[in-house]
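Trainee: quick one: sequence and predicted model below, then my questions.
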Amino acid sequence: MITGRCECGKVAFEVDAVRETVTVCHCNQCRRTSGHLWASTVAPADTLRFTCDDGLAWYRSSDFAERGFCKACGSSLFYRMDGDDTIAIAAGCLDTSDGLTTGKHIFVKDKAGYYEIGDGAPQFRKL
């Protein structure tokens, strides 16, 4: 069982398991919604259970996906594509990240110029 939450605790959840790799997205939209880059793992959507959803809100970020966040503290928590049976979960909101590794970087063509990617994980200009 893996648990996670937003900064203020008004969104808390548990999930049976997550993918062991983290995808780091450098696209402009992820950078704007997270303040830097979006690092997430994935789980089957039907295995995610909210233990508190008082602060949970969803933002329709495109015509094919939405992002879940806490409306109280602003934590960026989830990304889900329409019709998909998985949900992306922000790696930083998990209570433990033991066993997770960076699997790949996507949309590196949009990466901000103030940092370098040096972890050796594969990099893709787009998805």
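Mentor: Sure, I can see it.
Trainee: how about the nearest residue to residue 104, chain neighbours excluded?
Mentor: residue 122 (4.7 Å; CB to CB, 6 or more residues apart in numbering). For the C-beta atoms, the positions are set from N, CA and C on the backbone; glycine is no exception.
Trainee: got a pLDDT number for that neighbour?
Mentor: As predicted, residue 122 sits at a pLDDT of 97.
Trainee: phi and psi next, for it.
Mentor: For residue 122, the backbone dihedrals are phi -60, psi 140 (criterion: degrees, to the nearest 10).
Trainee: what sits against it?
Mentor: Contact analysis of residue 122 by CB atoms under 8 Å, 6 or more residues apart in numbering lists 103-105.
Trainee: among the residues you listed, the buried ones, what's the ChimeraX command?
Mentor: What follows is the ChimeraX syntax selecting those of the contacts of residue 122 that are buried according to 16 or more other CB atoms under 10 Å:
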select :105
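Trainee: can you pull out the helices in the protein?
Mentor: Assigned by DSSP state H, the chain shows helices spanning 28-34.
Trainee: measure residue 43 to residue 16 for me?
Mentor: 7 Å (CB to CB, to the nearest Å).
Trainee: again but with residue 70, I slipped
Mentor: For residue 70, the distance to residue 16 - CB to CB - is 22 Å.
Trainee: ok, those two, which is more surrounded?
Mentor: Higher neighbour count among residue 70 and residue 16: residue 70, with 23 against 12, using other CB atoms under 10 Å.
Trainee: pretty sure that one contacts residue 10?
Mentor: Yes - between residue 70 and residue 10 there is a contact at 5.6 Å, judged by CB atoms under 8 Å.
Trainee: shared neighbours of these two, anything?
Mentor: Common neighbours of residue 70 and residue 10 (CB under 8 Å, 6+ apart) are 55-56.
Trainee: lowest confidence element among the helices and strands of the protein?
Mentor: Sorted by mean pLDDT, DSSP states H and E, the helices and strands of the chain end with helix 28-34, the least confident at a mean of 92.
Trainee: so how far is that one off the chain centroid?
Mentor: 11 Å (CA atoms, centre = their mean, to the nearest Å).
Trainee: perfect, that will be all.
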